[in-house]
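>>> prediction below, plus the sequence it came from.
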Amino acid sequence: MSKMEETMMFKSVGSETSAREILQQVYAALQEKGYDPINQLVGYLMSGDPVYITSHNQARTKIRKLERYELLEELVAYYLQDLK
């Protein structure tokens, strides 16, 4: 089997604060400032532009500690957890 046909394994690197905790904190900060957290998080995840995230309660700093793939991994895992 050639390298192009092999399935690569994706391994995420653990972090000090979990992606779940960061998402919860950022969600709360966005709500407190009157933004629609879902729309703002989607904007950030799609573009990578931190301007979608408020700086209120250090939310922008917190979310930038993680790679976007780590946030997506957490969201997908949470969404699909009941399918096991």
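Structure's in. What do you need?
>>> now residue 7: how far from residue 34?
Separation of residue 7 from residue 34 (CB to CB, to the nearest Å): 44 Å. C-beta: built from backbone N, CA, C; applies to glycine.
>>> sorry, slip of the keys, the one I care about is residue 53.
Residue 53 is 14 Å from residue 34, where distance means CB to CB.
>>> looking at those two, which is more packed in?
Each of residue 53 and residue 34 has its neighbours counted (other CB atoms under 10 Å); residue 53 has more, 22 against 7.
>>> so what's the nearest residue to that one once chain neighbours are set aside up against?
With sequence-adjacent residues excluded and distances taken as CB to CB, 6 or more residues apart in numbering, residue 53 is closest to residue 60, at 4.6 Å. If you count contacts by CB atoms under 8 Å, 6 or more residues apart in numbering, residue 60 has them with 50, 53, 54.
>>> and the strand or helix carrying residue 60, which residues are buried?
For residue 60, the host element (DSSP states H and E) is helix 59-63. Judged by neighbour count (16 or more other CB atoms under 10 Å), helix 59-63 contains these buried residues: 59, 60, 62, 63.
>>> from the residues you listed, which is closest to residue 43?
residue 63 (11.9 Å; CB to CB).
>>> nice, that's everything, thank you.
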